[in-house]
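>>> model this:
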Amino acid sequence: MWIIKLGGSFCSDPRLPDWLSLVTQLGGGRIALVCGGGLLADEVRRLQTRWALDDLPAHNMAILAMVQNAYMLHGLSPALQPVSREADVPLVLRRGGVALWMPLELLRHQPDADTNWDVTSDSIALGLAQRLNAERLVVLKACDIDADMSVRQLVEAEVLDRRFAALAQQGGLPIDVLGGYQLDDLRALLLGRAPRLAGRHDRPVS
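Here you go, the predicted model:
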């Protein structure tokens with residue numbers, strides 16, 4: 001099983017259909033897709049600042065932003081199979097499908113260590129990968145990614161969220177961070193080939 005985190009910025013990117021097509025063509029039976037909140041999550045941040053909201057309602061609003069974007073992905077690519085419980089992800093994969101995770105289970109009634117902006121969809125996808133004992137996590141970002149940067153450096157550059165590096169230390173699964181121009185590199189990974197560009201981070205933290 002692989003977890004692929006699709007950055008929410010792709011939801012307004014013309015390259016989105018190409019990425020979805022690749023995932024559905026080559027990911028059957030092994031990929032669970034997680035979508036970020038994108039512009040909807042940015043609006044949550046704006047509203048939180050505007051109304052001085054606590055982190056708990058902002059967290060729940062951001063989770064629902066991820067869910068809304070997942071519904072959009074399903075509308076664009078009906079082959080994706082939505083699941084609202086992470087326990088159902090393996091069931092979809094065993095049937096040969098591509099799971100589209102809607103993280104409704106992460107809505108909270110009380111604040112905890114994860115209900116803040118240190119944890120975004122990047123760390124949420126990593127946590128899912130660790131809980132499901134995934135073989136690999138691939139994080140797709142619409143921006144360009146410097147292939148020479150480590151995961152820790154990407155956190156420092158605010159490409160990945162602030163909790164990501166610490167969370168990655170808790171599990172040794174390979175992590176790849178690819179930019180929006182690296183469609184062929186994801187294709188190579190899915191086909192078991194070495195990617196054309198050196199955008200891989202097999203050691204999660206360095």
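>>> ok, now how distant is residue 75 from residue 66?
As judged by CB to CB, to the nearest Å, residue 75 and residue 66 stand 15 Å apart. In short, each C-beta sits where N, CA and C put it, glycine included.
>>> so between the two, which is more surrounded?
Using other CB atoms under 10 Å, the more surrounded residue of residue 75 and residue 66 is residue 66, with 25 against 9.
>>> spatially nearest residue to the more buried one (excluding sequence neighbours)?
residue 37 (5.0 Å; CB to CB, 6 or more residues apart in numbering).
>>> got the phi/psi numbers for residue 3?
phi -100, psi 130 (degrees, to the nearest 10).
>>> and it, what does it touch?
Residues in contact with residue 3 (CB atoms under 8 Å, 6 or more residues apart in numbering) are 31-32, 34, 125-126, 128-129, 132, 134, 136-138.
>>> against residue 30, how distant is it?
With CB to CB as the criterion, residue 3 and residue 30 are 10 Å apart.
>>> then residue 137?
13 Å.
>>> touching both of the two, which residues are there?
In contact with both residue 137 and residue 30: residue 2, using CB under 8 Å, 6+ apart.
>>> higher neighbour count, the two?
Legend: neighbour count by other CB under 10 Å for residue 137 and residue 30, higher for residue 137 (25 against 17).
>>> how about that one, phi and psi?
In terms of degrees, to the nearest 10, the main-chain angles of residue 137 are phi -120, psi 130.
>>> just the pLDDT for it.
For residue 137, the model assigns a pLDDT of 97.
>>> what sits against it?
2-5, 125-126, 129, 173-176.
>>> in helices only, show me these.
Counted as lying in helices by DSSP state H, out of the contacts of residue 137, are 125-126, 129.
>>> could those be laid out in JSON lines, adding neighbour count, distance to residue 62 and pLDDT?
Listed next are the ones in helices among the contacts of residue 137 as JSON lines, based on neighbours: other CB atoms under 10 Å; distance: CB to CB, whole Å; pLDDT from 0 to 100:
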{"residue": "125", "neighbour count": "27", "distance to residue 62": "14", "pLDDT": "98"}
{"residue": "126", "neighbour count": "30", "distance to residue 62": "16", "pLDDT": "97"}
{"residue": "129", "neighbour count": "27", "distance to residue 62": "19", "pLDDT": "97"}
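>>> would you reformat those residues as a markdown table and include distance to residue 17?
Putting these into a markdown table (distance: CB to CB, whole Å) gives the following:
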| residue | distance to residue 17 |
| --- | --- |
| 125 | 21 |
| 126 | 26 |
| 129 | 25 |
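>>> quick check, nearest of these to residue 184?
Nearest to residue 184 among the ones in helices among the contacts of residue 137: residue 125, at 22.0 Å, using CB to CB.
>>> count of neighbours near the closest residue to that closest one other than its chain neighbours?
Leaving aside its sequence neighbours, residue 125 sits nearest to residue 5 (CB to CB, 6+ apart; 3.6 Å). A count of nearby residues for residue 5, using other CB under 10 Å, gives 27.
>>> if I look at residue 5, how far off is residue 53?
26 Å.
>>> so residue 100 sits in a strand?
Yes: per DSSP: H, G, I helix; E, B strand; the rest coil, residue 100 lies within a strand segment.
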